[in-house]
Every structure is written in structure tokens, then in C-alpha cells.
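J.: Just the structure for this:
(2 chains)
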Amino acid sequence: MNRKVRVRFAPSPTGALHIGGVRTALYNYLFARQHGGDMILRIEDTDSTRFVPGAEEYIIESLRWLGIEIDEGIGAWSKNDKESSDLLAQKGDKGPYRQSERREIYHRYVRQLLDSGHAYIAFDTPAELEAKRNEIKNFQYDASTRLLMRNSLTLPKEEVDRMIADGTQYVVRFKVEPDEDVHVNDLIRGEVVINSSILDDKVLYKSADDLPTYHLANIVDDHLMEVSHVIRGEEWLPSAPLHVLLYRAFGWADTMPEFAHLPLLLKPEGNGKLSKRDGDRLGFPVFPLEFHDEKTGTVSSGYRESGYYPEAVINFLALLGWHQTGDKELYSMDELIHDFSLDRVSKAGAKFDYEKGKWFNHQYLMLRDNELLASEFLTVLDKHGIDLKSSGVTHEQLTHIVGLMKERVNFVSELWEQCNFFFVAPEQYDEKSLKKRWKEESPKQMKELYDLLSATDDWSPEALDSLVMPWIESKGYGVGLVMNAFRICLVGAARGPHIWEITSVLGKAETLRRVEVAIERINTPC
RNA sequence: GGUGCUAUCGUCUAGCGGUUAGGACAAAAGAUUCUCAAUCUUUAAACCGGGGUUCGAUUCCCCGUAGCACUACCA
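T.: A predicted model of the protein is given here:
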């Protein structure tokens, strides 16, 4: 079948888009781009009771942040766009792309199924169904039980018509013919066969809100929107045979899309698939962007706000369930588009390894230009109340500092705790470092060092090094002891970059001042 | 309970009948350094079990086991 590749990402606006959904979107996108096809975003809001305001905007904003473009549907955008302002703009001639706006279309197709005898009307109330479930073990609404129920198969036509006219609530159910092996060809798993007898007569439409259910809407829309490949989570695999049956019932079997069911993202610890609630419980984000739930008033952390770069999230996610032959780990979006293939997607679920996500961010942070990092760090400094000018650090120095320190952090925000001493003098001195590095003779040595340093005017790292090192040797002091005590004076702890890098940024006056303060403070315990 | 999917180091995975079973994250050790990191080197770490098929199975088939998913008028 040689038709144009068209895929869709079809989330429900029931809250924040979670990271598993992001990966599904990503795989769809990669597949579409690789084949020169279209990526459609469709909103599946057929459950009116679960709609969450703002969820659509959230989904689209997330995809934009990550660089997953949408060619058609809600929120269409491309990287070449100049910041299109309307987040929810629709694009494409197969719309509307929001299922709640497609009622008339679904009416038509429900009618078709009813007329062709593939579906029937059922009046059983939720309470009645519940009663049946209690009465009959493993009750299922199917060929073996449908004649026991209140539906258009068992009730006289006049009564059915009358009830509908009276406004009695009803649903339309799909009439599954029993005992037929339904074959589903899955691009990742191969052929899956399920006997139709285990399928129930799924509800396709509910009169209560005049909306179809997922199953009906999904098939009708994929057909009308000429979707060529359905790439979705594995949780849909059990209902894939039902979908095949629906395509057949509509007479669309020959243009049925191909299916690919993706392995699930699993919890890092214990069992089960990664859920929305796992995030802050386990200490990592499960959402791309921070999410404010207005109903519960809770805030869930997001990758963006946690300091992740989108390219790190993309790279990390791409490799959770897909891997090319070989050892390559770092992939740009373009490389992913080039290398991705559905037949190399793993079949088993992948535990979500958050630690590796950090490592990916570390990689991308190190690749980042120092100037850019410096400007990012500036906003972190600002949050800590640091103003570059008053701290006496120049922009050149900041860029230099960032360059020195970037390889030791995973996030820009971590830069603060690694190098705050460049901007503020230590308030207190680290207990452990003192114990190990500040000996009885340290105050005296520091005093001598103070005198030595005050006498010089050449403050370059090289000059200081060739001044101090021979001095230590001539005095017979331990290099480690002197340098670490010195470090404690300047930093407040035994950490940080090379000591002359620190003195060079601090300058002579500040360096001497810190030594002076330290000698006094450390000797007078309070 | 029923149905389906899945199964290589702790984790993500490479392997597509014959390999010392490879890489990465995490872990440990060492090197380096004035410190902490980073870096480099090294180490430890896996084919779920049982049957087949085969000269030969991690690889193919079956069974078992385990994990997961689904089993709504939710998607």
C-alpha cells in the first residue's frame, strides 16, 4: 500500500500530558518526518466529565518546548514559524480536530452501523449493569448475554422508538459476532490473534452527552483524516481487534491504517506503569512542564522548570524503548529522524531510569556555549539576589566561571551551590573540611600567607603560583595543608576549582579580606 | 478469574544459531589534583526455568514461571 504517511497524536485533555504520552508523540513525529508525512494533533475530548480546562494549551506548549512540530490539527506549528501566538489554532481541511466538535459526523456513522445491523441500541442503566455483574460471574455484554438485556434486539421496535422519543437515555453498542479469530498485524509485535468471543459489545455512543466513545470516534476520525499509521501505547493492544472489526463493519478494511503498539514506560521501582502520581512521590518530574492543577490546587514539577534542556529530554525519551544497532547514545532530533525505525522499537516495557535522564542533561549542558550558559546562570544568580555589578564579577569572568564549572553539574541551577563563593564571601565554614584541613598551625600559616600576598602586585595565577609554592617549600610546610586552609578561607569548604582561578576572580583585596576574616572567625568559636 | 503482550547485568539496551555475551547509566577501586568534581583506567554485574529442533542454542518452537496491560456509558 503506497499511500502518504499520516500519523496522529491524539491525547485526551484530562490533565497534564505525561512523559509516556510525550514519547508516543515523539515516535509519531519521528516516523512522520522520516517518511515525509504529516503529523496530526487531534484532541480526544469525548469524555465530557473529565475535561480539564487548560489541558489543551498545556499539551501544545509542551510539544513546542520539546520541538515536536504539528503539521495539521489543533496547535499546528513549525520551528520555522515566527512565534505564532495562537496556541490552539487549527490547520488542515479534515477538521474540526477536536472530537467534541464532530458530533454530526459521528451521528452519521452511528446511524450507518445501526442500519447495517452492526450495532444496536441498549437501555440498560449503569445500576442494572452493575446488578448483572454481581449476579453473573464474569458477566460480559456480548453475544451470550445480549438477549438477556434491555435493548433493541430484545424489545419491540415500537417500544424502542417510544423510549427514545421520551428521552430515555441509551447507548449504542457494537454487535460483535462471536467465535471469529481476528488478526491484527502489529508493526512491532507481528501478528496478534484474538478470538472475538472474548470481546464485549462495546459502547460506541452515549445519548447522555451525545458523544461517541473513544473506539468509535477513533476509527471514524482516523479514516476520515486518512491516517496511515496508528502509533500508540500498548494499553490499546487488547482493543485493537475491536478496531479491526469496526473498520470492517464500516467497509473500510482496505484502507485500514497499520498499527504499532509501543511498550509502556514503567515505574522505576516496584511494579506497574508510570503514572501521573509517581512523579513527585519518587522525586522526579513525570510532566514536561510544571503543571498547576486548579481543581486540587496541587503543583506538579516539570522537566522544563527542573532545568532540563529539551534536547536532553528528547534524547532520553527516544532511547527508552528504541535503540539502533551499536553504541551510539547521543542523538539530535535530526539524527533521530534519520535513524528511527519502528521495527527496532523494543517489545518489553521500559523502567523509567531517572538517573540516566540527568546524565543526558549533563551531556547537553557541557556541549552548550559558555556565553549562553552565563546568561542562563544570570537568572539563577538573580533568584539568589546576586547582582553581577555589586558582587564585583565581570561578565567575562562569569563566562569564564561557567566554563570552569559546567562539567561538574547536571543543571544550570546546580552551578549556584558549586560556585556561589565567587559572588558572596563564606558565612560559615564547613565542619568536615575544617576538621580535616584546618590544623593548629593554620592560623599562623594563613597570617604569613596574608603578608606574603599583600606584598605582591602581580595577581596573575602564574605569578601567584610561582610566589606561593616556593614559599611553602622554603618554610617546610605541607602543600596540601596550606592550600586547603587557604581554600577554606576563600570558599568556606574544601571544594571548588583550582585555587588560582578563585583568587583571580576575587581579586587581591577580596582575597586578603577573606583570609583575614577567616583567621579571626575560625579561631573564635561562638 | 479471563484474554493478550513481554522476558539479556540493579536500570536502558546491543546481539538476529557458533561471541572471552558488547555499550551506557548507577556502583566500586585506582590514576590525577591543593580540595571537590570532572576526566581517564580498571573491576564487579545478565542470557527466568524445563523440554524440544539442531552438530551446536541467549538466539527458533512448546510448556511452565514471572512481570505488565486490558477486561467502564475513561481514554
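
J.: A:D254 and A:R248: what is the separation?
T.: Between A:D254 and A:R248 the computed distance is 10 Å (CB to CB, to the nearest Å). Yep, even glycine has a C-beta here, placed from its N, CA and C like the rest.

J.: between these two, which one's more packed in?
T.: Set A:D254 next to A:R248 and count neighbours by other CB atoms under 10 Å: A:R248 wins out with 14 against 8.

J.: Flag every residue of the stretch 101-250 of chain A that's near RNA strand B.
T.: A:124-126, A:129, A:138, A:140-141, A:169, A:171, A:189-190, A:192-195, A:198, A:200, A:203, A:206, A:208, A:211, A:213-214, A:234-239 (CB under 7 Å from any atom of the strand).

J.: The residue in chain A that RNA strand B sits nearest to: how many residues sit nearby?
T.: With CB to the nearest atom of the strand, the shortest gap between chain A and RNA strand B falls at A:N271, namely 2.1 Å. Applying other CB under 10 Å, we find 7 other residues in the vicinity of A:N271.

J.: Sketch out the low-pLDDT regions of chain A for me.
T.: A:1, A:82-84, A:270, A:523-526 (pLDDT under 70).

J.: buried ones in the lengthiest helix in it?
T.: Longest helix of chain A, by residue count under DSSP state H: helix A:499-523. Within helix A:499-523, the residues that count as buried by 16 or more other CB atoms under 10 Å are A:499-506, A:508, A:510-512, A:514-515, A:518-519, A:522.

J.: now A:D86: how far from A:A76?
T.: Applying CB to CB, the value for A:D86 to A:A76 is 10 Å.

J.: which one of these two has more residues nearby?
T.: Applying other CB under 10 Å to A:D86 and A:A76 shows that A:A76 carries more neighbours, namely 22 against 9.

J.: wait, isn't the more buried one in contact with A:G92?
T.: Yes - A:A76 lies in contact with A:G92 (CB atoms under 8 Å); the separation is 7.1 Å.

J.: anything in contact with each of those two?
T.: Counting by CB atoms under 8 Å, 6 or more residues apart in numbering, A:A76 and A:G92 have no shared contacts at all.

J.: which parts of stretch A:487-497 are buried?
T.: A:R487, A:I488, A:C489, A:L490, A:V491, A:G492, A:A493, A:A494, A:G496, A:P497.

J.: typo on my end, it should be stretch A:10-29
T.: A:10-13, A:15-29.

J.: about what we covered before: is RNA strand B contacted by the longest helix of chain A?
T.: Yes - applying CB under 7 Å from any atom of the strand, one finds helix A:499-523 touching RNA strand B at A:I499, A:W500.

J.: List the contacts of that helix.
T.: For helix A:499-523, contacts defined as CB under 8 Å, 6+ apart pick out A:392-393, A:397, A:400-401, A:404, A:421-422, A:425-426, A:429, A:434, A:438, A:442-443, A:446-447, A:449-450, A:453-454, A:459-461, A:464-465, A:483, A:486-491, A:496.

J.: Now, the residues you listed that are in strands?
T.: Judged by DSSP state E, strands contain none of the contacts of helix A:499-523.

J.: show me which of these neighbour RNA strand B.
T.: Okay, of those touching RNA strand B (CB under 7 Å from any atom of the strand), that's A:M483, A:F486, A:R487, A:G496.

J.: so which of those would you say is closest to A:V184?
T.: Closest approach between those and A:V184, by CB to CB: A:G496, at 59.7 Å.

J.: now the ones next to RNA strand B among the contacts of helix A:499-523 as CSV including distance to A:Y109?
T.: Formatted as CSV, these follow (distance: CB to CB, whole Å):
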residue, distance to A:Y109
A:M483, 79
A:F486, 79
A:R487, 74
A:G496, 68
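
J.: Go through those residues and name the one nearest A:K358.
T.: A:G496 (21.6 Å).

J.: Keep only those of the residues of the stretch 101-250 of chain A next to RNA strand B that are in helices.
T.: Using DSSP H, the subset of these located in helices is A:P126, A:L129, A:Y214.

J.: So which of the residues you listed wins on neighbours?
T.: Counting by other CB under 10 Å, A:Y214 has the largest number of neighbours within these, with 19 neighbours.

J.: tell me the contacts of it?
T.: A:E44, A:T46.

J.: at 10 Å instead, please
T.: A:A10, A:S12, A:E44, A:T46, A:D47, A:Q99, A:K202, A:V203, A:L204, A:W236, A:S239, A:H243 (CB atoms under 10 Å, 6 or more residues apart in numbering).

J.: and the closest residue to the first one other than its chain neighbours, how many neighbours?
T.: To tie it back to what came earlier, the one meant is A:A10. Nearest residue to A:A10 in three dimensions, chain neighbours excluded: A:R42, at 4.4 Å (CB to CB, 6 or more residues apart in numbering). Residues lying near A:R42 (other CB under 10 Å) number 26.

J.: Wait, A:R42 touches A:I59, no?
T.: No - between A:R42 and A:I59 there is no contact, the gap being 11.1 Å when judged by CB atoms under 10 Å.

J.: shared neighbours of those two, anything?
T.: Shared contacts of A:R42 and A:I59, counting by CB under 10 Å, 6+ apart, come down to A:F9, A:P11, A:I74.

J.: how about the helices in the stretch 251-400 of chain A?
T.: A:278-282, A:310-318, A:333-339, A:354-367, A:370-383, A:388-391, A:395-405 (DSSP state H, counting those that start in this stretch).

J.: mind listing the helices for the stretch 51-200 of chain A?
T.: A:55-66, A:103-115, A:126-135, A:157-165.

J.: what's the last one packed up against?
T.: The helices and strands touching helix A:157-165, judged by 3 or more CB pairs under 10 Å, 6 or more residues apart in numbering; DSSP states H and E, are strand A:119-122.

J.: care to break chain A down by domain?
T.: A:6-88+A:264-318, A:102-262, A:369-420, A:431-523 (automatic domain parsing).

J.: how long is the second one from one end to the other?
T.: Its first and final residues considered, domain A:102-262 spans 28 Å by CA to CA, to the nearest Å.

J.: ok, now which ones touch A:L26?
T.: Counting by CB under 10 Å, 6+ apart, A:L26 has contacts A:9, A:63, A:66-68, A:313-314, A:317-318, A:320, A:322, A:333, A:336, A:340.

J.: so how far is the strand or helix carrying it from its chain's centroid?
T.: A:L26 belongs to helix A:19-34 when assigned by DSSP states H and E. A distance of 12 Å separates the centroid of the chain from that of helix A:19-34, by CA atoms, centre = their mean, to the nearest Å.

J.: quick one: it near RNA strand B?
T.: No - using CB under 7 Å from any atom of the strand, we find that helix A:19-34 stays clear of RNA strand B, coming within 9.2 Å at best.

J.: Can I get that helix in CSV, CA atoms only?
T.: Output of helix A:19-34 as CSV, limited to C-alpha atoms (Å, rounded to 0.1, in the frame of the first residue of the first chain):
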residue,chain,number,x,y,z
ILE,A,19,6.0,11.7,29.9
GLY,A,20,4.8,8.4,28.3
GLY,A,21,2.4,10.4,26.2
VAL,A,22,5.3,12.6,25.2
ARG,A,23,7.3,9.6,24.0
THR,A,24,4.3,8.5,22.0
ALA,A,25,4.1,11.9,20.4
LEU,A,26,7.8,11.8,19.7
TYR,A,27,7.8,8.4,18.0
ASN,A,28,4.9,9.6,15.8
TYR,A,29,6.7,12.7,14.9
LEU,A,30,10.0,10.9,14.1
PHE,A,31,8.1,8.4,12.0
ALA,A,32,6.2,11.1,10.1
ARG,A,33,9.3,13.3,9.5
GLN,A,34,11.3,10.3,8.3
